[in-house]
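Colleague: One predicted model, sequence on top.
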Amino acid sequence: MFRHWFALLAATGLAGSAQASCGSAFCAINTNWDTHGAWSQPGWRLDLRYETIRQDRLQEGRHQVAIGQIPRDHDEVETVNHNWLASLDYTFDADWGVNLQLPIAKRQHLHVETATMEPESWDFSRLGDVRVLARYRIGTYESAGHGLGTLGVNFGLKLPTGRTDLQNADGEQAERPLQPGTGTTDALLGAYYAKVLPLKDLSWFAQGLLQVPLNARDGFKPGRRISFDAGLRYDASERVGLILQVNALHRSRDSGDNAEPGDSGGRSLHISPGVSIALAKDVRAYGFLQARLYQTVNGVQLVARRAAVIGLSTRF
């Protein structure tokens with residue numbers, strides 16, 4: 001029985017998020033942990049996830065502002081993100097595992113040039129930046145009531161696989177934060193603690209991750225990111241799990257000649273209720289809604305009021 005929980009706890013991984021002046025984004029929800037009921041032994045796991053994020057609230061600091069209220073060379077209007085993320089995971093044993101994540105971003109963006117009042121738009125679907133993340137279990141600790149906690153570390157790289165030079169139909173190149181890739185290689189380093197209370201049908205986790213760009217590309221270097229996720233799962237039945245997460249993110253300003261340091265970076269806190277349903281022995285479906293609890297941005301940026309995620313996870 002304990003070997004079953006060792007493998008389950010060792011599976012804890014991560015999911016990404018982004019924040020930028022023009023609104024490019026991935027949702028900060030940890031689905032690797034939430035669907036860990038779908039895999040409890042060494043082997044392969046495939047996770048397919050779709051998320052939709054409409055960023056149509058223009059914000060300065062903590063407050064909403066009207067389009068054109070704050071003078072800029074162009075006024076941001078809206079960015080709509082439809083993201084697909086495929087994660088292929090392999091668990092070697094109770095101690096080691098590795099995760100490969102491939103994001104596809106479909107992004108529609110609109111802003112207005114203030115000098116001419118002409119709208120400019122972009123609409124593209126492209127591969128984003130691939131991430132490779134390894135995990136190592138430091139130790140597993142049994143407590144009273146048959147609770148089992150596991151402490152581990154994550155480490156890896158975000159690779160510069162996404163395009164950074166996409167243009168619209170008029171030949172205008174999109175701003176660097178809007179592009180599907182940053183052009184940089186980023187180091188990823190984090191730690192997690194997860195605990196299972198099988199007699200109470202409860203489990204929970206906490207995880208922090210630091211993402212640091214190791215270089216710049218064509219006059220652009222994204223800001224450093226620190227994220228923290230915590231979640232609670234209740235197994236309401238053999239097939240249904242009820243999940244609640246909080247997701248926090250701190251992002252530093254971008255830098256470089258092609259960056260907008262005055263309008264990048266910030267801090268956010270979101271709450272994400274969800275459900276996980278077993279469709280078959282090795283297949284689970286899940287869904288989340290994410291709502292903002294707190295958000296402050298540097299300068300003027302587009303933010304989302306809410307986001308939604310659905311996905312399917314299977315092991316083989």
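Modeller: Nice, I can see it. Numbers count the residues shown, from 1 in each chain.
Colleague: C-alpha only now, for contacts and for neighbours.
Modeller: Will do.
Colleague: now Asn81: how far from Trp122?
Modeller: 12 Å (CA to CA, to the nearest Å).
Colleague: More neighbours: these two, which one.
Modeller: Between Asn81 and Trp122, Asn81 has the larger neighbour count (other CA atoms under 10 Å), namely 23 against 19.
Colleague: before we move on, what SS does that one have?
Modeller: State at Asn81, reduced to three classes by DSSP: H, G, I helix; E, B strand; the rest coil: strand.
Colleague: who are the neighbours in contact with it?
Modeller: Contacts for Asn81 (CA atoms under 8 Å, 6 or more residues apart in numbering) come out as Ser24, Ala25, Phe26, Glu51, Thr52, Ile53, Arg54, Gln55, Ala105, Lys106, Arg107, Gln108.
Colleague: Retrieve the pLDDT associated with it.
Modeller: At Asn81, the model reports a pLDDT of 94.
Colleague: and if you look at Leu214?
Modeller: 97.
Colleague: Tell me if I'm right that it and Gly183 touch.
Modeller: No. Using CA atoms under 8 Å, Leu214 makes no contact with Gly183, being 10.6 Å away.
Colleague: who has more neighbours, these two?
Modeller: Neighbours were counted for Leu214 and for Gly183 using other CA under 10 Å; Gly183 has more, 25 against 13.
Colleague: Need the nearest residue in space to the more buried one, chain neighbours excluded.
Modeller: Pro160 (4.8 Å; CA to CA, 6 or more residues apart in numbering).
Colleague: shared neighbours of Asn81 and Trp122, anything?
Modeller: With CA under 8 Å, 6+ apart as the test, Asn81 and Trp122 both reach Arg107, Gln108.
Colleague: Tell me, how many residues neighbour Glu142?
Modeller: Glu142: 13 neighbours (other CA under 10 Å).
Colleague: For the residue lying closest to it once chain neighbours are set aside, give its distance to Val196.
Modeller: Distance criterion CA to CA, 6+ apart; nearest residue to Glu142, sequence neighbours excluded, is Leu148 at 4.5 Å. According to CA to CA, Leu148 stands 5 Å off from Val196.
Colleague: For the closest residue in space to Val246 that isn't next to it in sequence, list the residues it contacts.
Modeller: Counting by CA to CA, 6+ apart, Val246 lies nearest to Ile271, which is 4.5 Å off, once chain neighbours are set aside. Shown in contact with Ile271 (CA under 8 Å, 6+ apart): Leu244, Gln245, Val246, Asn247, Gln290, Ala291, Arg292, Leu293.
Colleague: which among those residues end up buried?
Modeller: Among the contacts of Ile271, those classed as buried by 16 or more other CA atoms under 10 Å are Leu244, Gln245, Val246, Asn247, Gln290, Ala291, Arg292.
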